[in-house]
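[1] here are the coordinates; sequence isn't available:
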């Protein structure tokens, strides 16, 4: 394998982690959605490069799916939802951006240590890829945990999904069926969540999770 | 042979849907129990044939269960012997239920589970890999649980079922861990693979402890017995007989299979644990039995006593095997297996008797019974034989196996270790005590239930039970007598089983003079059940003849003897509690924390005097109640986890993931 191939794959996967951090930093929903589109775009680029590096043409299809659905359709649709709900200028009270970034750095370090230990002896390209993928998954989870707004939780879930796709394409011989099914499951999850957002809004006049907790029967 | 046995098991399983389909028909009990009777009899004959004619093991692997493992089945002499026990008990219970099952108020809650229960007990014995064994074991627990809660409207039964389910799950968990340790990291779950693998001493000791807990909780070893006296009496009587007489033996099978066959050469100190647990179980079981008023609960506690006896013999066999004393080990193991067989006979018989009494009078409370010998003479006769056998009186079968156990105990001075030299006689003393108390217990059980005068109108109106039930009881009573007067045949039949597990065997018994049994040497000890029986029979006949023919038949007149009861009220008779009072005075204050408070009315008052006895189950109070309380407290504390926000749940998942990854990253 050319070392330049490896370096580019490394760079793309690394940028995915970087964009995850950018997402973590955003406190406005419209900016967050832009970052999510960038996230999916970088994923598509990374998958396409993997297709080239592994000489696996079916991965190009995955890349195209990622580009169309995740980088274009879903962000646009989410933006429509946000504007329709009138929360595109909403400033979320994230619990301290600095603390979230620090936690994120800790998680990246953790995933590096775990993956490099566990996969010792595997193909170096796959190894780096898996480590970055785990970092993206953990950062997505961190986003879901630290955000209060339902829309940004959805974005966290989608970027977690991107991490899974990165891991799946990093390993050689992943059949196309798996990726297509992942793509469709994301789409369906998106539709369901979108419907729910409107329903929640209809009922409670807000998509702020904290506000919703007040309506629960058992108050603690 | 094994494939025929498996077809038999399949046939039993196939009866269950038939039971569901025919449950509306009034003939359902006849069809189901009849079919069970036929299939178990066939399985019984197959097992006998293997035990006597084909001692070589035969195996079969079916493509069921785990895909890389398959389901292994195997019949060797040990399995064949336990198949005999299971299917003899199963056939007797089916025959009994042909009559008894008619009195059942909701037979559709019993019929589908009964054949499945029989099938799973057979499967546990036939299993030859850990997965099949555990699955069969768990289904055995589940089907018997369904039978325990058959009368689910009684609150007590639901509680019994709950405790049983918990203990059964716990037992299976420890067995699962034991098999996991034995199979090691490679996952060699077939018994063949386990036999050839070599465990370290520490691992095999841990396996033995886990198996003692797992199999012991099913068999009813103290202090894991708590479920047994609740669950066994709660089931319909033919199922109680199976649970007490047969399922506890399947648990003993599990212990023998693992401790003698799978984990290889034992260490001598293992036997200390088994002996101590066995001895304590025997004494505690019979003491509990003496304190009960419920006839079936007396029998259930007596099962615990007999299981203690069996485990003490097994511990002794382990000790002898550890020192390579093969003949002595064979003697102890023969005693244990013979007692397994004998106990399955007379405990089933006694439960059938208790079931007949219950369906005739509607109660199991001994304080409400009495005088049944006049109304149910045949039941009383077979129940008396069962009581005599379980009290280990010659010439019946209980005596033979207990005598063999004591012969093995008398060999203990030859053991080289001082720990065992001191321990075994102490356990022998415990067993002797429990044997004596068991005598008292069954004098009480028989005397209060069948003798005296009826204590309630129901007992006065009792009717003799039906023919099928009587046939089952007579068959078992006959088997008790045959095993008692011709024990040599049974000991010889056990020889291949014992040979395969201890590399030793007892001398051939059937060739000796007058059918005496000689466990070690003629100069040490021998026993002849036939001669004892003949002597008792002839002297009895001669005495009867002498009294009836030679005594004077002149009519004499005198004051009527009131049997020591000047008052005609039935309440002045000995009651179950008053009969047990001396023993309660001696042992109760320590073992049960018994407190008696007497309340005498003031002179002139017409209030009755009162004696209140308060017994506590110390094992329940100090071992089970704290655990139950701790679980309750923890559940109360964790209850708030039910009411978190979505974000908090996500945070919990996230935190757990991060912690696990950290553990993975820092694992040495």
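    Looks like it came in fine. Small disclaimer: the values here were computed from a predicted structure and weren't measured.
[2] May I have the residues that are in contact with residue A:156?
    A:23, A:140-144, A:147 (Cβ atoms under 8 Å, 6 or more residues apart in numbering or on different chains). Glycine gets a C-beta too; all of them are placed from N, C-alpha and C.
[3] what about chain A, any weak spots by pLDDT?
    Applying pLDDT under 70 to chain A flags the ranges A:1-2, A:91-94, A:125, A:171-184, A:187-188, A:191, A:195, A:198-199, A:201-207, A:209-220.
[4] what residue is smack in the middle of it?
    residue A:159 (0.7 Å; Cα atoms, centre = their mean).
[5] was I right about that one contacting residue A:42?
    No. With contacts counted by Cβ atoms under 8 Å, residue A:159 stays clear of residue A:42, the gap being 10.7 Å.
[6] burial measure for the residue of the stretch 51-200 of chain B at minimum distance from chain A, as a count.
    In the stretch 51-200 of chain B, the residue that lies nearest chain A is residue B:185 (17.8 Å; Cβ to the nearest Cβ). The burial count assigned to residue B:185 is 6, neighbours taken as other Cβ atoms under 10 Å in any protein chain shown.
[7] can you check residue A:123 too?
    15.
[8] Need phi/psi at the residue of the stretch 51-200 of chain B closest to chain A.
    Backbone geometry at residue B:185, expressed as degrees, to the nearest 10, gives phi -70, psi -20.
[9] In the stretch 401-550 of chain B, where is pLDDT below threshold?
    Ranges of the stretch 401-550 of chain B meeting pLDDT under 70: B:512-514.
[10] hey, where'd the helices end up in it?
    B:418-450, B:457-460, B:467-485, B:487-502, B:529-545 (DSSP state H, counting those that start in this stretch).
[11] Quick one, which of those helices gets closest to chain A.
    Proximity to chain A, assessed across these by Cβ to the nearest Cβ, is greatest for helix B:487-502 (45.6 Å).
[12] what's the neighbour count on the residue nearest to residue B:136 when sequence neighbours are not counted?
    Counting by Cβ to Cβ, 6 or more residues apart in numbering or on different chains, residue B:136 lies nearest to residue B:123, which is 3.8 Å off, once chain neighbours are set aside. Look at residue B:123: counted by other Cβ under 10 Å, it has 24 neighbours.
[13] mind listing what's buried in the helix or strand hosting residue B:123?
    Using DSSP states H and E, residue B:123 sits in helix B:113-126. Buried positions in helix B:113-126, judged by neighbour count with 16 or more other Cβ atoms under 10 Å in any protein chain shown: B:113-126.
[14] One more: stretch A:122-133?
    A:125-133.
[15] Just name whatever secondary elements the helix holding residue B:123 is in contact with.
    helix B:2-21, helix B:28-53, strand B:71-75, helix B:77-100, helix B:130-148, helix B:237-242, helix B:248-256 (3 or more Cβ pairs under 8 Å, 6 or more residues apart in numbering or on different chains; DSSP states H and E).
[16] Next, the buried residues of the longest one.
    Going by neighbour count (16+ other Cβ under 10 Å), the buried part of helix B:28-53 is B:28-37, B:39-44, B:46-48, B:50-51.
[17] dump the residue contacts of the residue nearest to residue B:66 when sequence neighbours are not counted.
    Counting by Cβ to Cβ, 6+ apart, residue B:131 is the residue found nearest to residue B:66 once chain neighbours are left out, at 5.3 Å. Taking Cβ under 8 Å, 6+ apart as the contact definition, residue B:131 lies against B:65-66, B:69, B:71, B:189.
[18] Among those, which ones are in strands?
    With DSSP state E as the criterion, strands contain residue B:71 from among the contacts of residue B:131.
[19] Please convert the contacts of residue B:131 to CSV, extending it with neighbour count and pLDDT.
    Converted to CSV, those look like this (neighbours: other Cβ atoms under 10 Å in any protein chain shown; pLDDT from 0 to 100):
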residue, neighbour count, pLDDT
B:65, 15, 78
B:66, 14, 79
B:69, 19, 81
B:71, 21, 90
B:189, 23, 86
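[20] The buried residues of stretch A:122-133 in helices, which ones?
    Mapping these onto helices (DSSP state H) picks out A:125-133.
[21] Tell me who's in contact with residue 97.
    No chain in the question, so chain A it is. For residue A:97, the contact set (Cβ under 8 Å, 6+ apart) comprises A:24-25, A:27.
[22] Not quite, go with chain B.
    Residue B:97 makes contact with B:29, B:33, B:36, B:114, B:236, B:238, according to Cβ under 8 Å, 6+ apart.
[23] surely the fifth one meets residue B:106?
    No. In this structure residue B:236 lies outside contact range of residue B:106 using Cβ under 8 Å: 10.2 Å.
[24] In terms of neighbours, single out the busier of the two.
    Ranked by neighbour count (other Cβ under 10 Å), residue B:236 and residue B:106 place residue B:236 first, with 25 against 12.
[25] returning to what we had before: nearest to chain B, of the ones in helices among the buried residues of stretch A:122-133?
    The closest of these, once distances to chain B are taken by Cβ to the nearest Cβ, is residue A:131, at 11.6 Å.
[26] Break chain B down into its structural domains.
    B:1-191+B:210-229, B:574-614, B:626-666 (automatic domain parsing).
[27] taking the mean pLDDT, what do you get for the last one?
    What domain B:626-666 shows for mean pLDDT is 87.
[28] What is the end-to-end distance of that domain?
    Start-to-end span of domain B:626-666 (Cα to Cα, to the nearest Å) is 36 Å.
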